[in-house]
Structure formats: C-alpha cells, structure tokens
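[1] Sequence first, then the predicted structure:
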2 protein chains.
Amino acid sequence: MTGHDVAAHAGVSQSTVSLVLSGNPRARIGEATRERVLEAARELGYRPNLLARGLVQRRSFALGIVVSDLDNPFFTEVVSGAERVAAEADYGVLLGDAREIPAAEHVMRLAERQVDGVIVAGVGLDALPDETREGLNLVLVDEPSGVLPGVASDAAAAGRKAARHLLELGHTRLGFLGPASPAHTFRMRERGWVQALRQAGCTIPSAYLVRTSATVSGGQAGMRRLLSTDPRPTGVFCANDLVALGALKACAQAGVKVPGHISVVGCDDIEMARYVTPELTTILVPARGLGARAARLLLLTLDGRDTGALTGKALGVELVVRETTARRSI
Amino acid sequence: MTGHDVAAHAGVSQSTVSLVLSGNPRARIGEATRERVLEAARELGYRPNLLARGLVQRRSFALGIVVSDLDNPFFTEVVSGAERVAAEADYGVLLGDAREIPAAEHVMRLAERQVDGVIVAGVGLDALPDETREGLNLVLVDEPSGVLPGVASDAAAAGRKAARHLLELGHTRLGFLGPASPAHTFRMRERGWVQALRQAGCTIPSAYLVRTSATVSGGQAGMRRLLSTDPRPTGVFCANDLVALGALKACAQAGVKVPGHISVVGCDDIEMARYVTPELTTILVPARGLGARAARLLLLTLDGRDTGALTGKALGVELVVRETTARRSI
DNA sequence: TCGCTGCGCTCATACGTATTAGCAAATACG
DNA sequence: CGTATTTGCTAATACGTATGAGCGCAGCGA
C-alpha cells in the first residue's frame, strides 16, 4: 500500500498524491482531483511510510529519550511528560534505559535511527563523550552544562527550602542523606542545604553527613548509620524521595517515631510520597514539567524558533508539608 | 557521513562498504580491502542510516509498545522488561501512552513508522479495531484473545491465592475492590476470587463487592464504602496494588487498624508495596517478565522461529505475605 | 594457448516518499 | 488575435542503504 497504489487508483501520479496528502498549502491542486485522491487514500487505507519520508526530508519526526533508570518513578515521570508533548506534536518517541546499556551507546543508536533530537535525563555530561553527540540535538535534564541546552530545576533552592523548613520547626541537629554523586542536581541540593544551615549558624558534624546510594535500600542503610550517632539528629534531609522512603523504613524498623523522634524531608515528590504512612514531607520537583519542557525545547529548536523562554530560568521547586515533619519536641 | 563517503575514502564502491559492514558472512571480500573499509569507517565515524536500511530491507528493527497508563508502575515495569530485551537484540523501542491519545491511534502511528511489531498492554482487544492491526505484528499483554498472540499472567490464580490466604487466616467476611472493567485480567482476578470463596462455602453479600476505578483514589473511595457496611468485612482483596494503597490510606484516615481490624491483599507487587507501612501483602505478578516475554515472543515471530515455548502457558503468580494480613482476631 | 572456475569487486536498481523543474492547457491582458 | 500569466498536473530525481547480476582477473588443467 504505497503512494503509487493510491495514485493508480485515483488516476493521477504519485507526485500528486504526495502533494495532496502532505497538505502543502502553496501546492496548486484542483478541487476535483484533491477529492479523488483523498477518497482513494481512504478507500485503500493508505498510511505513508515515515521511513521513506524521513529519508528524503532528512528529518524523522521522532525524538529519543534516555534515562539512567527506568525504575525510578522520577524518571518515568520525566518520560511521561516528554512523551505527551511529543505525541501531541506528532513526534515519535524512542526510549532508552541506561541500566544495562550505557547512555552513550543509546545516544549513538538513536542517532543511527536519525532521531531529530535526544533528551537525556539522570546522566552526567561526562558520560557522553564528544564524538557521541556531534551533529546531534541534545537536551539535558537537570544537568546544567553551560555548553549544551538543557532544562533544570532549582536544585539549590530545594536544599534551602528543606533546611529552612526544619529550622523553622526548631530543629538544630540536622542530618543529610545522599549519594556522593557527580550529578549536578545532587551536588546542588546538598550545597543549598549546607549553605542555608551555615547561614543560620548551624554547625554540621561530619557524622551527620551520610553518603548512600540514591535508592531505597541506600536510604535504609544510611538512616541506620544516622540513628546510631549520639546525639541523634532530630531532622534529616534526603537527596531524593527514594532515599527518604528507605529512611522511613529504617526508622520504623528501629522503633523510631516519625515525626515524633525525627523529622524527615524528601526531594522530588514522586507519587509514592503521598501513599506512604506517614505521608512524606518533601520538595516538589516538577518531573513531568521537566520532561515536557525538555521536549518543547527540542521541538522549538528543530523548528528554528526562539527558545529563550524555556532556557532562561530553572523550574521552581516547592515545599510540600505532609506528615513526616513536626516541631522539635525535646 | 554516508556509505559513499566511506567508499571514497577507502577507494572502493559503496556496495563494498555495505558488504563489509553488514557483515554478511557469505560475502566474498578480500582481507586487505575489508581492513581498509573498516579503517575508513572508524576514521570518519561512520554510522549507518537505519531509515535507509529499513526502507530497503522492509524491516525497521524497531518495535512499539503501547501502554494504557505510563504512570502506573505496573506498566512501566512491563515497558522496562520489554525495552531490556529489545535493546539486547539491537532493536529500537517506540513508546506510546494511551492516556491522551487512544491506543488505536498510537498503533497506527507506529505502523506508519514501520515498526516490526507492537506490544500492547493494559488495553482491551475491543479498543483495537481490525483495520488498526492489519498487516501488523501485535502481541497483547494480559489480554488473551484467542485470535492474537499474547502473553499473560494467571489472573484467576491471583484471585484464588488471595482468597485462600485470607480463608486460611480465618476470615469469612470478605470484600472485593475492583473496577467494572472489560479488561480480561481484572475480570479473571475477580472470577478466581469469587470461585474460591464459593468453593469454600463463603457467601458474598453484594455490598462486599465494590466497584471503583483501578487507581489509588478509587481504592480510597471504595474502601470508605466498604468500611461503612455493617458488619464490616475483615478481609479485602484489591484488584491491583494501587487500589490497595488507596484502601490502606482510607483505613488510616478512618482509624481502622491494618491488619488488626482488617486484612488487605493487593495484586501486582509493584515496588511501592514494599515501601508502604505496613508493607503490603500482595500477589506477585511478574510485570517485567511479562514485558520481556512479550518482546521475546515478538522477536521470535519476526525471525520466523518457533514461539511455542512462550505462548504455551500463563506466567505464574505468587502470594507474597507481608504485613497487611493477619489471623482474624474477633 | 585456450577455456574454465572461483574470487573480489562494481554496476545498477529498488525501497517509498518529497520536491523542483517544466509542460500543456486555460485564462488574462493589451 | 497574439502573447503573458496562471493553473493543474507530471516527470525526474534524490535521500542512503542492500543486493542480485555481472565483469575482469588470476590460477589451473588440458
């Protein structure tokens, strides 16, 4: 079922079929033949071959999205946001998960598939060698590089807001749970946290700064370490919600009451945060918004339009107070 | 950077480049020229254009996956499993989320992109009209149709195992929370549940069979209704884990102790089930396994290989006892 | 010396679409 | 009525790859 078949059926040439169906407005086509072609196409159930179109147009109208971990709900939200925008614009979305196959490899494969651009989330710039990305439209999510376009949340603000919230509740012994990651976002969350505490005249014993992997089990192990310090912190900020969930688990297992004995603040506001008991106080990072904005940025770039409105400033983050934080009781 | 460029650089024809790089084993190529071509390709950083290849081979080496709801962790796990298998086999994965755009529309778009096959999950056969799928390799996940190939979990067994578990704990007043969905999986989970109860001589008042949407808020609302019955059920089976999480939330808000006052069993075993407090007792449905098997089935079909081993029987489900179920106390 | 047989490579073409140049007929203009 | 101009369509080509047919050449036997 090709354009030639439609042409034959309508008694015109393939060129005419293409002109009619591409909807090129400045194409001069008689009303009668336009009707005949549309009718024939409908009758035959014609669907254009986008590979052929892509080949000649040198645009595939597809974009790729590579995430570091498809099991992390934060990234699936990013994907979800990007997919929505892309689909709305009639773009296809090719997915890559960097757990088994490195991000750089995914990017090259997507390039072979001639995607018009690639969104990369949760992957540092150092994991993407130059030769990987030459001649490719890349947008980084939450990894400001200065050299590549990207969208980001205000990670330092996330740390600051967590700190201020706990400080306002009267807490002064404050712990941090997060990965020793080169990822910009994690570094900035930590930096914002530390700076806000310093500014408030709060000292930070090194035992209160615990390194863990950015996963639930990491948070669990990290919180165990934190609970074994003496005196314990009365408030903890976790670098992301998965870590916070692990921390809550560790508290429950150790018989430590949240928020009675210790207050916990997460970061991301994944959906799960609302469903655990007690509900997690966290910093909302608009994951879906980041994905959507990344896709929009890419699409604007491809159309050669102005992208200033999207690259300008970071997406705001917001404190969401739920049940894991309370005024210091002792 | 095309095969012609590599050819010019190596002093051979484009055909030769193709023969060398396609690695066609029965191609007769001299060792010297093979080396020259490989060297040239490496030097120029040549990457073949898969659109062109797909056009001539009439195979894109890509497959599509359409899910009903990308925010449901169960489906992201299905996607994750399929992506892994596909990537391993050098296939691309095109993603479609059926919340904004109907599944049938996604399938047609994927067909235009010439995917070699499509995996559809969480979507009933009735949502896919015949003309949508003609000439297309479809695999349905958890929606046995008899007419299309598919992979499925043993949904009736899920219902039965939930029932037996609660019966063994001494519960006799048993409620069900689930959608009035045409989806085969939900129907079978319910049927297995009902049959096992009947078989045990357990009557099921219609007030104990509550219809809700298959979401957290649906489960929350449903559980509220169930808690207002008199006498209350002492055990509840939820059609999936999201519903169960909502049910737990409703209990917490109503001051009803789980599992002290009421036992709750979910279905799917999404990751979240382990992180809520109390941890959710549930029926493990191997989502990632389903996705992986669907992808393998598709790949085997495309290679014209035998698929008997994969289509034969449903994937087993398994009771995972955690903390939301306990022996009937009163 | 002359066929004959593999070997190693190239030529030509096809895949299905978009697009430019151009042709014939119709229309407008002086 | 003759000449521009516009209208409506087609022919031809390109996109980058795979692949079957075919060609020159070396080696080999007679």
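    Yes, it's here. None of these values were measured; they are calculated from a predicted model.

[2] okay, CA-based contacts and neighbour counts for the rest of this
    Fine.

[3] where does chain A dip in pLDDT?
    Across chain A, the stretches falling below the confidence threshold (pLDDT under 70) are A:330.

[4] do that again at 50, thanks
    Applying pLDDT under 50 to chain A picks out no residues at all.

[5] Where do the helices of the stretch 1-150 of chain A begin and end?
    Assignment of helices within the stretch 1-150 of chain A using DSSP state H, counting those that start in this stretch yields the ranges A:3-10, A:14-22, A:31-44, A:50-57, A:73-88, A:103-112, A:130-133.

[6] Is the third one positioned near DNA strand C?
    Pointing back at helix A:31-44 there. No: if you take Cα under 7 Å from any atom of the strand as the test, helix A:31-44 misses DNA strand C, and the best it gets is 10.5 Å.

[7] How about the contacts made by residue A:163?
    Applying Cα atoms under 8 Å, 6 or more residues apart in numbering or on different chains, we find residue A:163 in contact with A:193, A:196-197, A:237.

[8] Now with 7 Å, please.
    Residue A:163 makes contact with A:193, A:196-197, according to Cα atoms under 7 Å, 6 or more residues apart in numbering or on different chains.

[9] Over to residue A:81?
    A:288-289, A:291-292.

[10] And chain A, split by domain according to the record?
    Following automatic domain parsing, one finds the domains of chain A at A:3-48, A:60-152+A:288-311, A:155-286.

[11] how long is the longest one from one end to the other?
    The one in question is domain A:155-286. Terminal residues of domain A:155-286 are spaced 11 Å apart (Cα to Cα, to the nearest Å).

[12] any idea how far that domain is from the chain center?
    21 Å (Cα atoms, centre = their mean, to the nearest Å).

[13] circling back to that earlier point, can you add secondary structure, distance to residue B:309 and neighbour count and give the contacts of residue A:81 back as TSV?
    Listed next are the contacts of residue A:81 as TSV, based on DSSP: H, G, I helix; E, B strand; the rest coil; distance: Cα to Cα, whole Å; neighbours: other Cα atoms under 10 Å in any protein chain shown:
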residue	secondary structure	distance to residue B:309	neighbour count
A:288	helix	39	20
A:289	helix	43	19
A:291	helix	39	30
A:292	helix	41	23
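
[14] mind listing the strands for the stretch 101-250 of chain A?
    For the stretch 101-250 of chain A, strands defined by DSSP state E, counting those that start in this stretch occupy the ranges A:117-121, A:138-141, A:150-151, A:174-178, A:209-211, A:235-238.

[15] Single out the most deeply packed of these.
    Among these, ranked by average contacts under mean count of other Cα atoms under 10 Å in any protein chain shown, first place goes to strand A:235-238 (a mean of 29).

[16] CA atoms only: put that one into PDB for me.
    Taking C-alpha atoms only, strand A:235-238 is exported to PDB below (Å, rounded to 0.1, in the frame of the first residue of the first chain):
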ATOM      1  CA  GLY A 235      15.700  16.300  61.400                       C
ATOM      2  CA  VAL A 236      17.000  14.700  58.200                       C
ATOM      3  CA  PHE A 237      17.000  15.900  54.500                       C
ATOM      4  CA  CYS A 238      17.200  13.100  51.900                       C
END
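
[17] one step back: inside helices: which ones of the contacts of residue A:163?
    Per DSSP state H, helices hold the following members of the contacts of residue A:163: A:193, A:196-197.

[18] quick one: which of the residues you listed is nearest to chain B?
    residue A:193 (25.8 Å; Cα to the nearest Cα).

[19] got the contact list for that closest one?
    A:159-160, A:163 are the contacts of residue A:193 under Cα under 7 Å, 6+ apart.

[20] what about residue A:99, distance to chain B?
    Note on residue A:99: its distance to chain B, by Cα to the nearest Cα, to the nearest Å, is 9 Å.

[21] swap that for residue A:211, sorry
    21 Å.

[22] which residues touch residue A:36?
    residue A:10.

[23] Alongside chain B, which residues does chain A contribute?
    Proximity of chain A to chain B (Cα under 7 Å from any Cα of the partner chain) is limited to residues A:47-52, A:55, A:70, A:80, A:92-95, A:112-114, A:245, A:249, A:272, A:275-277.

[24] Excluding chain neighbours, give the residue nearest to the most centrally placed residue in chain A in space.
    When Cα atoms, centre = their mean is applied to chain A, the residue found nearest the centroid is residue A:78 (3.5 Å). Closest residue to residue A:78 apart from its sequence neighbours, by Cα to Cα, 6 or more residues apart in numbering or on different chains: residue A:291 at 4.2 Å.

[25] Now do the contacts for the one you found.
    Residues in contact with residue A:291 (Cα under 7 Å, 6+ apart) are A:78-79, A:81-82.

[26] what's the closest of those residues to residue A:216?
    For those, the closest approach to residue A:216 (Cα to Cα) belongs to residue A:78, at 19.5 Å.

[27] The closest one: what's it in contact with?
    By Cα under 7 Å, 6+ apart, the neighbours of residue A:78 are A:287-288, A:290-291.

[28] again, but for residue A:93
    A:62-64, A:83, A:86, B:94-95.

[29] Next: residue A:190.
    Listed by Cα under 7 Å, 6+ apart, the contact set of residue A:190 reads residue A:159.

[30] Return the distance of the residue in the stretch 151-300 of chain A that DNA strand C sits nearest to relative to residue B:117.
    DNA strand C sits closest to residue A:299 of the stretch 151-300 of chain A, with a gap of 17.4 Å, by Cα to the nearest atom of the strand. Residue A:299 sits 27 Å away from residue B:117, going by Cα to Cα.

[31] Neighbours of residue A:279, how many?
    Close neighbours of residue A:279, defined as other Cα atoms under 10 Å in any protein chain shown, add up to 18.

[32] Spatially nearest residue to it, not counting backbone neighbours?
    Closest residue to residue A:279 apart from its sequence neighbours, by Cα to Cα, 6+ apart: residue A:323 at 5.1 Å.

[33] Which element, helix or strand, includes the one you found?
    In this assignment (DSSP states H and E), residue A:323 forms part of neither any helix nor any strand.

[34] Mind giving me the PyMOL select for the residues of chain A next to chain B, buried ones only?
    Here is the PyMOL selection string for the buried members of the residues of chain A next to chain B, based on 16 or more other Cα atoms under 10 Å in any protein chain shown:
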select buried, chain A and resi 47+48+49+50+51+52+55+70+80+92+93+94+95+113+114+245+249+272+275+276+277
